[in-house]
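Trainee: Can you look at this prediction? I've put the sequence above it.
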Amino acid sequence: MALACHDGASALRLVDELIATVPGGGTVPLLARLRGEALGALGRPAEAEAALRAACATARDRLVGPQLWRAHAALGRLLRTEKRHDEAAGEFAAAREVVEATGSAKAPADSCRGHGRPRGGGPTRSGSAG
């Protein structure tokens, strides 16, 4: 949630704490991707790229399609912000290939709007309950 709300420092701290609990110190694709996204948000593109490439490799090795396409997409976004458009296009294409091959795409729930409130039950823009 911290990452979705543009709080890269808190997100990185939380992800690093979770990574420290992984038995054997192995790479968990989800955590590597979140770490890469947090590092990217903090303006640390080289570290972000390394984490995202690790997420891609581990997700591919473990045959975790949903994490694989998300890692490729995150890497594509990072490369695009770094003006590495050809490489970004390759990552986006890889993400699409995984989705097409596995049918693993689901809409992410990554909005910080409504944080802490049940869906549909929070106040509307006018302030009344919805």
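Mentor: Good, I have the coordinates.
Trainee: For the rest of this, base every contact and every neighbour count on C-alpha atoms.
Mentor: Noted.
Trainee: Figure out how far the helix or strand hosting G90 is from the centre of its chain.
Mentor: Under the criterion DSSP states H and E, the helix or strand holding G90 is helix 85-102. For helix 85-102, the separation from the chain centroid amounts to 15 Å (computed by C-alpha atoms, centre = their mean, to the nearest Å).
Trainee: Hmm, L39 is touching R13, no?
Mentor: No: using C-alpha atoms under 8 Å, L39 is not in contact with R13; the gap is 10.4 Å.
Trainee: So for these two, which residue has more residues nearby?
Mentor: Higher neighbour count among L39 and R13: L39, with 22 against 13, using other C-alpha atoms under 10 Å.
Trainee: And the pLDDT for the residue lying closest to that one once chain neighbours are set aside?
Mentor: Across the structure, with C-alpha to C-alpha, 6 or more residues apart in numbering as the measure, the residue nearest L39 apart from its sequence neighbours is A48 (5.0 Å). Predicted confidence (pLDDT) at A48: the value is 97.
Trainee: what residues are up against A48?
Mentor: 35-40, 78 (C-alpha atoms under 8 Å, 6 or more residues apart in numbering).
Trainee: and A38, helix, strand or coil?
Mentor: What DSSP: H, G, I helix; E, B strand; the rest coil gives for A38 is helix.
Trainee: Near it, how many residues? Count them for me, please.
Mentor: Residues near A38, counting by other C-alpha under 10 Å: 29.
Trainee: for A9, same thing?
Mentor: 15.
Trainee: Wasn't it part of a helix?
Mentor: Yes: looking at A9 with three-state DSSP, it is inside a helix.
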